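In: Sequence first, then the predicted structure:
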Amino acid sequence: MSTLVAQKAVTVPWIRSQKGQSKITMLTAYDFPMATLLDDAGVDALLVGDSLGTVIYGEPNTLSVTMEDMIRHTRAVARGAKRALVIADMPFMSYQVSVEQAVANAGRFLKEASAQAVKLEGGAEMAETIRAITRAGIPVCAHIGLTPQTLHAMGNYRMHGKSEQERRYLLESAREVERAGAFAVVLECVEESLAREITAAIEIPTIGIGASPHCDGQVLVSYDLLGLTAGRVPKFVTQTAQLRDQVIAGARAYIDRTREVSVSATQAPHGAVGAPSVSATQAPNGAVAAPSNDEGKGHAPSH
Ligand code: KIV
């Protein structure tokens, strides 16, 4: 089924207006090429997640990601996004120390990286921070349920909202972040019936990840969705492509083609092997000829 993509740039009010309308689509992006691809595909929002740490830098968790990492990657994504809303994830310890520091760091994403909104983890306990950032004119997407930055406090990655106490906390948190001015809230690994209840209870859109189809939108780590992740992906991800296989096949084809060229080039006209492989670009008479394949083209320095 083809998807109709509105040409207009996505704005925060548009995201809010989609509550109960069409499902909001959000994917993570960390660099310019992926941002252009996902934007061309018509995804509504690009989240420069702090999953940057694990997905791009191979770290075991997101805790080591810095403001400088996030600013640089957000700027690259923003350059590639023509239509999609760009949301920057606030990294661990960039908003927990003080409300003032949170506002200043959130502002850096708009000033230095051209993000249009920020996301931060935490529920009711983050309401004051969300209020201060939104008062500064910076749209905030909240994030509750599984919050990877509190990994050590949580003990492990698991579903949230199984106990009555947790359900009450999450429902109250969703209401609190809405009251504080958040324009949307990510529900990560929130138990299905609770995700549905929260979605019905608040007026801002819920964006689910492993939290059932009942949310107003969905977000996924693009590398997981598109089959670029080496190893296991979370159970809730239904992959739509296997790009790792394609990249490996493409690289192998290049390796084979390159080796074939150098093998045939090292054979003298009468079939003897031994001439240096540089003769791949030499005509039989020894004159240097144009490369026979595209390895000789492109990326030539202009100076
Ligand atoms: O960092 C991230 O990619 C996220 C999403 C998974 C919601 O926070």
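Out: Everything's here; your move. Residues are numbered from 1 along each chain as shown.
In: need the residues of the stretch 151-300 of the chain near the ligand, please.
Out: 186, 188, 209, 219, 221 (C-beta under 6 Å from any ligand atom). Heads up, the C-betas are built off the backbone N, CA and C, glycines and all.
In: How about the stretch 1-150 of the chain?
Out: So the stretch 1-150 of the chain meets the ligand at 28, 47, 49-51, 89 (C-beta under 6 Å from any ligand atom).
In: about what we covered before: please produce JSON lines containing the residues of the stretch 151-300 of the chain next to the ligand, extended by pLDDT.
Out: Putting these into JSON lines (pLDDT from 0 to 100) gives the following:
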{"residue": "186", "pLDDT": "98"}
{"residue": "188", "pLDDT": "98"}
{"residue": "209", "pLDDT": "98"}
{"residue": "219", "pLDDT": "98"}
{"residue": "221", "pLDDT": "98"}
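In: Where does the chain get nearest to the ligand, which residue?
Out: Relative to the ligand, the nearest point of the chain is residue 49 (2.2 Å; C-beta to the nearest ligand atom).
In: I figured that residue hits residue 28, correct?
Out: Yes. Contact criterion C-beta atoms under 8 Å: residue 49 and residue 28 qualify, at 4.3 Å.
In: so what's in contact with those two at the same time?
Out: Common neighbours of residue 49 and residue 28, counting by C-beta atoms under 8 Å, 6 or more residues apart in numbering, are 55, 221.
In: Phi first, then psi, for the residue most central in space within the chain.
Out: Central residue of the chain (C-alpha atoms, centre = their mean): residue 28, 1.6 Å from the mean position. With angles defined as degrees, to the nearest 10, residue 28 sits at phi -80, psi 150.
In: List the contacts of it.
Out: Neighbour list for residue 28: 46-49, 51, 55, 219-223 [criterion: C-beta under 8 Å, 6+ apart].
In: can you do 6 Å?
Out: For residue 28, the contact set (C-beta atoms under 6 Å, 6 or more residues apart in numbering) comprises 47, 49, 51, 221-222.
In: for it, which residues make a bridge with it?
Out: Counting by DSSP bridges, residue 28 forms beta bridges with residue 47.
In: mind showing which ranges of this structure have poor pLDDT?
Out: 1-6, 266-303 (pLDDT under 70).
In: what ranges do the strands span in it?
Out: Counting by DSSP state E, the chain has these strands, from start to end: 24-28, 45-48, 85-89, 117-121, 140-145, 184-188, 206-209, 217-220.
In: residues contacting the residue nearest to residue 19 when sequence neighbours are not counted?
Out: Closest residue in space to residue 19, ignoring its immediate chain neighbours: residue 205 at 4.8 Å, by C-beta to C-beta, 6 or more residues apart in numbering. With contacts defined as C-beta under 6 Å, 6+ apart, residue 205 is in contact with 19, 24, 184, 216-217.
In: Distance check, residue 205 against residue 87.
Out: Noted for residue 205: a distance of 13 Å to residue 87, by C-beta to C-beta, to the nearest Å.
In: just residue 48 next, same as before
Out: Look at residue 48 and residue 87: by C-beta to C-beta, they are 7 Å apart.
In: Wait, residue 24 touches residue 14, no?
Out: No. Using C-beta atoms under 6 Å, residue 24 is not in contact with residue 14, being 9.4 Å away.
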